[in-house]
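Student: let me see the structure of the following:
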Amino acid sequence: MENPPKSPDGSEKSPQSKELLPSNTGSTLCMSSRSESVWTSTSRSKWDIYHKPVIVVSVGAAIFLFGVVITSLSCFLTKNKKVYKMSGPAFLSLGLMLLVCGLVWIPIIRKKQKQRQKSQFLQSLKSFFFNR
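Tutor: Modelled structure (predicted):
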């Protein structure tokens, strides 16, 4: 008679019985969520809130200015003129895209901050009236 195969951790449960055990992935997914909880009221500095869009805007502006320089070089230099004419507009469009994305991101963050403040205010009112 054959013995059922042991699992890699040395326990005597078969792999079929391990599949029936409940997993903890649901609770760990909620705990590792990147969204902030309504219940945490830690105040963050402006840099903590806006550092990503500011970086995107500054990188976009730098790439855009680099594209302006490369495109203007195609007007003044005769050597490698085709390279400057092809790469200049590419840098211009990439820089402009990053610049606009960062500039649109800032009002979105402001709107989310206002919604979060309203939500925290409503939660505090709700807890004040219903926990008496």
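
Student: what's the weakest-modelled helix or strand in this protein?
Tutor: The helix or strand with the lowest mean pLDDT-type score in the chain, counting by mean pLDDT, DSSP states H and E, is helix 25-31 (a mean of 49).

Student: determine the longest helix present in this protein.
Tutor: In the chain, with assignment by DSSP state H, the single longest helix is helix 81-130.

Student: which strands or helices does it pack on?
Tutor: Judged by 3 or more C-beta pairs under 8 Å, 6 or more residues apart in numbering; DSSP states H and E, helix 81-130 is in contact with helix 46-76. (Each C-beta comes from the backbone N, C-alpha and C, glycine too.)

Student: buried set for the helix it packs on?
Tutor: Within helix 46-76, the residues that count as buried by 16 or more other C-beta atoms under 10 Å are 50, 53, 56-57, 60-61, 63-64, 66-67, 70-71, 73-74.

Student: and that helix with helix 81-130, angle?
Tutor: 160 degrees (axes from the mean of the first three to the mean of the last three C-alpha atoms, to 10 degrees).

Student: helix 46-76 - contacts with which helices or strands?
Tutor: helix 81-130.

Student: now do the helix it packs on, average pLDDT.
Tutor: Averaged across helix 81-130, pLDDT comes to 89.

Student: just stretch 50-70 next, same as before
Tutor: Averaging pLDDT along stretch 50-70 gives 95.

Student: and it, C-alpha only, in PDB?
Tutor: What follows is stretch 50-70, C-alpha atoms only, in PDB (Å, rounded to 0.1, in the frame of the first residue of the first chain):
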ATOM      1  CA  TYR A  50       2.800  67.200  -4.900                       C
ATOM      2  CA  HIS A  51       6.400  65.800  -5.400                       C
ATOM      3  CA  LYS A  52       5.500  63.400  -8.200                       C
ATOM      4  CA  PRO A  53       3.700  65.900 -10.400                       C
ATOM      5  CA  VAL A  54       6.400  68.500  -9.800                       C
ATOM      6  CA  ILE A  55       9.100  66.100 -10.800                       C
ATOM      7  CA  VAL A  56       7.100  65.100 -14.000                       C
ATOM      8  CA  VAL A  57       6.600  68.800 -14.800                       C
ATOM      9  CA  SER A  58      10.200  69.600 -14.400                       C
ATOM     10  CA  VAL A  59      11.500  66.600 -16.400                       C
ATOM     11  CA  GLY A  60       8.900  67.500 -19.100                       C
ATOM     12  CA  ALA A  61      10.100  71.100 -19.200                       C
ATOM     13  CA  ALA A  62      13.700  70.000 -19.400                       C
ATOM     14  CA  ILE A  63      13.100  67.600 -22.300                       C
ATOM     15  CA  PHE A  64      11.000  70.200 -24.000                       C
ATOM     16  CA  LEU A  65      13.800  72.800 -23.800                       C
ATOM     17  CA  PHE A  66      16.300  70.200 -25.000                       C
ATOM     18  CA  GLY A  67      14.000  69.600 -28.000                       C
ATOM     19  CA  VAL A  68      13.900  73.400 -28.700                       C
ATOM     20  CA  VAL A  69      17.700  73.500 -28.600                       C
ATOM     21  CA  ILE A  70      18.000  70.400 -30.900                       C
END
